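Asks: this is a predicted model, with the sequence first.
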Amino acid sequence: TELFLIPMPFLKRLVDVVGALILSVFALPILLVSALAIRLESRGGVIFRQTRVGHGGKHFTLYKLRTMVDDAEAQLAQLQQDNERDGPAFKLQNDPRVTRVGKLLRKTCIDELPQLWNVLKGDMTLVGPRPPMPHEVAEYEAWHHTRLLCKGGLKAVDDVLVVVRDVAFRSQREDHGSCL
């Protein structure tokens, strides 16, 4: 499938690197305050690492601020029957594993700021499809694999486009938990 991968144009990569560097400077104080809040509320590390599938099916480590209790992955099997999504993705509106600080970080998308490092490393781009988890890709139908032909992004295209849409669409997006 290497033959069909969509290469990243030089200018797009340049915009990603410069944008991620500028955003990182502004994000640093927010990250420091968030890290302190996470440490004060619950035990465990501040950064959550998760394997994701990127460009061409290559696995990489995605970084986020931890928004759940320390043993959240171990509790997932017990919550699987309450999954609100069909297919391989897991979503639970009032997930009991999410901490109070985590709810705020998710609502404001601050938990995603460490992914600027993924952009700088070249694993992700600022705007593109969200990179899936390996177990999700394992359940893909053949046509789903097309999303792996381009680099995954920190923000999905429809999240960015919501800025130029009308209020009705914006409220519709908010109902689905999107953040911009």
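Replies: Okay, I see it. Numbers count the residues shown, from 1 in each chain.

Asks: what separation do you get for V53 and F90?
Replies: According to CB to CB, to the nearest Å, V53 stands 16 Å off from F90. All C-beta atoms are positioned from the backbone trio N, CA, C, and that covers glycine.

Asks: which of these two has more neighbours?
Replies: V53 (23 against 16; other CB atoms under 10 Å).

Asks: and the more buried one, what does it touch?
Replies: 59, 131-134, 136-137, 148 (CB atoms under 8 Å, 6 or more residues apart in numbering).

Asks: compare those residues and tell me which is most surrounded.
Replies: P131 (27 neighbours).

Asks: hey, what's the nearest residue to V127 once chain neighbours are set aside bridged with?
Replies: With sequence-adjacent residues excluded and distances taken as CB to CB, 6 or more residues apart in numbering, V127 is closest to G153, at 4.8 Å. G153 has the following beta-bridge partners by DSSP bridges: T125.

Asks: pLDDT at G153, what is it?
Replies: Reading off the confidence values, G153 has pLDDT 94.

Asks: from L79, how far out is it?
Replies: Shown here: G153 relative to L79, a distance of 27 Å by CB to CB.

Asks: quick one: which of the two has more around it?
Replies: Under the neighbour definition other CB under 10 Å, G153 and L79 were set side by side, and G153 has more, 21 against 14.

Asks: what sits against that one?
Replies: G153 neighbours (CB under 8 Å, 6+ apart): 124-131.

Asks: between those, which is nearest N83?
Replies: The closest of those to N83 turns out to be R130 (CB to CB; 17.6 Å).

Asks: what's the burial count for the residue lying closest to the closest one once chain neighbours are set aside?
Replies: Leaving out its chain neighbours, the residue that sits closest to R130 by CB to CB, 6+ apart is A156, at 5.7 Å. By the criterion of other CB under 10 Å, A156 has 16 neighbours.

Asks: quick one: the strands in this structure?
Replies: Remark: strands assigned in the chain by DSSP state E are 47-53, 59-65, 125-127, 153-155.

Asks: which other residues reach the third one?
Replies: Applying CB under 8 Å, 6+ apart, the set of residues contacting strand 125-127 from outside is 8, 12-13, 15-16, 19-20, 119, 151-157, 160.

Asks: which one of those residues is nearest to W143?
Replies: G152 (17.5 Å).

Asks: excluding covalently adjacent residues, which one is nearest to the closest one?
Replies: P131 (3.1 Å).

Asks: now the one you found, what are its backbone angles?
Replies: In terms of degrees, to the nearest 10, the main-chain angles of P131 are phi -70, psi 130.

Asks: which ones are touching it?
Replies: Contacts of P131 by CB under 8 Å, 6+ apart are 52-54, 60, 62, 124, 152-153.
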